[in-house]
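Asks: build me a model from this:
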Amino acid sequence: MRQVVIDTEVIRLGQFLKLWGVVGSGAEAKLLLAAGEVVVNGDAERRRGRQLVRGDRVGVGTELVEVG
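Replies: Numbers count the residues shown, from 1 in each chain. Next up, the predicted model:
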C-alpha cells in the first residue's frame with residue numbers, strides 16, 4: 001500500500017487530501033467529502049477537520065493510501 005508521508009503528528013483530513021493530490025483546494029475537499037466519496041479506516045467520513053495520525057488509511061474511489 002502506498003504511503004503519503006506527513007511531517008507532523010496529526011493532520012486534518014482536508015489538508016491530507018490536498019497533500020495526497022486528490023484535490024487542489026479546501027473547497028474541492030469539502031465537495032468530495034459532502035458527496036460521501038472519502039473513507040477513513042473503512043468508514044465513510046464527511047468531516048474536513050477529522051484528525052488523522054500515522055497508520056490511518058484513507059480511500060477515495062478505488063485508491064487507498066496510508067498516512068505515513
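
Asks: hey, what's Glu63 bridged with?
Replies: Beta-bridge pairing of Glu63 under DSSP bridges involves Val60.

Asks: hang on, Gly59 packs against Gly36?
Replies: No: look at Gly59 against Gly36 with Cβ atoms under 8 Å: they stay out of range, at 11.8 Å. In short, each C-beta sits where N, CA and C put it, glycine included.

Asks: higher neighbour count, the two?
Replies: Neighbour count, other Cβ atoms under 10 Å: between Gly59 and Gly36, Gly59 has more, with 16 against 10.

Asks: quick check: nearest residue in space to that one, chain neighbours excluded?
Replies: Spatial nearest neighbour of Gly59, chain neighbours left out: Val39 (4.1 Å); criterion: Cβ to Cβ, 6 or more residues apart in numbering.

Asks: next, count neighbours for that neighbour.
Replies: Neighbour count for Val39, taken as other Cβ under 10 Å: 15.

Asks: name the element it belongs to?
Replies: Using DSSP states H and E, Val39 falls within strand 38-40.

Asks: which residues touch that strand?
Replies: If you take Cβ atoms under 8 Å, 6 or more residues apart in numbering as the criterion, strand 38-40 is touched by 13, 17, 32, 44-46, 50, 52, 56-60.

Asks: would you mind listing where this protein has pLDDT under the threshold?
Replies: Within the chain, no range satisfies pLDDT under 70.

Asks: where do the helices of the protein begin and end?
Replies: Applying DSSP state H to the chain gives helices spanning 13-20, 26-34.

Asks: so what's Asp56 closest to, chain neighbours aside?
Replies: Per Cβ to Cβ, 6+ apart, closest to Asp56 is Val67, 4.5 Å.
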